[in-house]
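> My questions are about this predicted structure, shown below with the sequence.
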Amino acid sequence: MTPPLLLRLTEVFFAQIFMGIYVYLLIDFKAPFLKWKRTWLFAALLILAVNLLIIFFFGYSEAYLKVWPLTLTIPYVAITFMASSSRKLYVMFNLFTVMYIAVFSIVTGMTASRLSGEDWAQLPAHIICLAAGLFMVLRLRKPFLKTAKLLEKGWALICCMPLLIVVLCLICLPQIMGEGSVVFIFVSYISLVTGLFIYLLIYRFFIKVIEEQTASHQEDILRVRRKNAEDRLRLAGENKALLLKYRDTVVSAIDSLEKEASSGRDTEAALDRLSKTADLLSAGHGRRYCRPETLNTVLDQYARRAEEKGISMTVEANISREFDVNETELAVVLSNALSNAEEACMSIPRQERRAVSVVINSRGRQIAAEITNTCRGQVSFDENQLPVSQRGLGHGIGVKSMEAFCRDNGGILSFSQDGDTFSVRILV
């Protein structure tokens, strides 16, 4: 093996290892996650091995440079699309970002080789650029993956920015590889440095999207807490008024019961009066579905609203006070699910069946919930089995909030439709 061939093999090996890491870090793998992670890793290593063998047997020739998109780029793109949880444009942003770093590395390596007059100068220049690219990807990864879940539109514009820079540099690259003017190197670097500023703006944009979503989520939590406090104050006022109103009745009924019991007479009449008074007192209380106050407030609120709107709502709740997730955040998710169920029922004519069923149970420190409702028409689902908003605005904030809650707490969220019945199942 000649030294130039060994150098090319080493360059390709390091470049593909780094770029494979970039793509892997930016993929939002679809379920089952472990299976698709292993599939992607196996395919990526196989693609790398095939290309190294081609270079070893046929050399790093002009013929290879013409076919490497078929042997390297297209297979990488295909397996990345297959393993990703979505087929949307943010997958292309992942790939264009990797291409941008790759082109930056190639231009830097070629420039180092021309300036030094030595082929070996390409390798350290490549490795330095690729290591810097890894730092960039690690900084971008978390905001990118979160924004990919939250942002429905605008990805075409975001993808165009790195793509234009890559295309411009690829046009200049043959001149850099040959004996072209240093003007092409200058144009390439101006483009690449501009790209860094563009990525900084994209990063700030991702952070802003996440901050806005977090603020919206906190607003939902505050709304539920405020509603809980208002309901407690309302019930306290109602209870006080009822106690004052029926205080004399209760005292009289208890006195009669004591007298009749002490005289050995029949106490049925006094017990009946006392029972009726207790019923009057309990009539003003909010309905009690479960022990956790915030969850009970949400259930009571939507049960009252369902009654007012002519929706039949049944609730079966058996929840202990001890569970792992935040009660208020769980209440927000439950509120979103019930709001969607209520909206679906309201689209059904009043003379037809409108019904919502809620079943929530504790399983150790886990919560299992199922909310079903009648619906009209066929619900559209995306490739991840998430319902798509009928307004044409993606999934809607409610579904995103539920998905984010389950993902952050290691839970499971599923949606399904069976005829005119729509179901949401949550396990956290």
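Nice, I can see it.
> So what does residue 209 have for phi and psi?
Per-residue torsions, residue 209: phi -60, psi -40 (degrees, to the nearest 10).
> any idea how far residue 27 is from it?
19 Å (C-beta to C-beta, to the nearest Å). From N, CA and C alone the C-beta is placed, and that goes for glycine too.
> do the same with residue 357
38 Å.
> In the stretch 301-428 of the chain, where is pLDDT below threshold?
Applying pLDDT under 70 to the stretch 301-428 of the chain flags residues 321, 383-384, 389-397.
> out of residue 209 and residue 27, which sits in the busier spot?
Neighbours of residue 209 and residue 27, each counted by other C-beta atoms under 10 Å, are more numerous for residue 27; the result is 20 against 16.
> Could you list which residues are in contact with the more buried one?
Residue 27 is in contact with 40, 80, 83-84, 94, counting by C-beta atoms under 8 Å, 6 or more residues apart in numbering.
> Residue 109: which of those residues is nearest?
Distance to residue 109, by C-beta to C-beta, is smallest for residue 94 among those, at 23.1 Å.
> Identify the residue spatially nearest to that closest one, adjacent ones excluded.
Distance criterion C-beta to C-beta, 6 or more residues apart in numbering; nearest residue to residue 94, sequence neighbours excluded, is residue 26 at 4.2 Å.
> what about that neighbour, neighbour count?
22.
> any idea how far it lies from residue 191?
For residue 26 relative to residue 191 (C-beta to C-beta), the value is 22 Å.
> Residue 146 now?
29 Å.
> With residue 411 instead?
Distance from residue 411 to residue 191, by C-beta to C-beta: 45 Å.
> again with residue 15
Per C-beta to C-beta, residue 15 is found 20 Å from residue 191.
> isn't the residue nearest to residue 94 right next to residue 143, touching?
No: shown here, residue 26 and residue 143 do not form a contact pair, counting by C-beta atoms under 8 Å, at 11.0 Å.
> Just the helices from the stretch 301-428 of the chain, written as ranges.
327-346, 397-408 (DSSP state H, counting those that start in this stretch).
> Could you figure out how far the shortest one is turned away from helix 327-346?
Taking axes from the mean of the first three to the mean of the last three C-alpha atoms, to 10 degrees, one finds that helix 397-408 is oriented at 140 degrees with respect to helix 327-346.
> Can you point out the buried residues in helix 397-408?
397-406 (16 or more other C-beta atoms under 10 Å).
> which one of the residues you listed is nearest residue 343?
Checking the buried residues of helix 397-408 against residue 343 by C-beta to C-beta gives residue 398 as the nearest, at 9.4 Å.
> Quick one: the buried residues of helix 397-408 as a markdown table, columns for distance to residue 51 too.
Output for the buried residues of helix 397-408, formatted as a markdown table (distance: C-beta to C-beta, whole Å):
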| residue | distance to residue 51 |
| --- | --- |
| 397 | 44 |
| 398 | 46 |
| 399 | 41 |
| 400 | 39 |
| 401 | 44 |
| 402 | 43 |
| 403 | 38 |
| 404 | 39 |
| 405 | 43 |
| 406 | 40 |
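> Greatest separation within those residues: which pair is it?
397 and 406 (15.1 Å).
> ok, and the helix or strand in this protein with the lowest average confidence?
Lowest on mean pLDDT, DSSP states H and E among the helices and strands of the chain sits helix 268-283, with a mean of 54.
> can you count the residues close to residue 310?
Counted by other C-beta under 10 Å, the residues lying close to residue 310 total 12.
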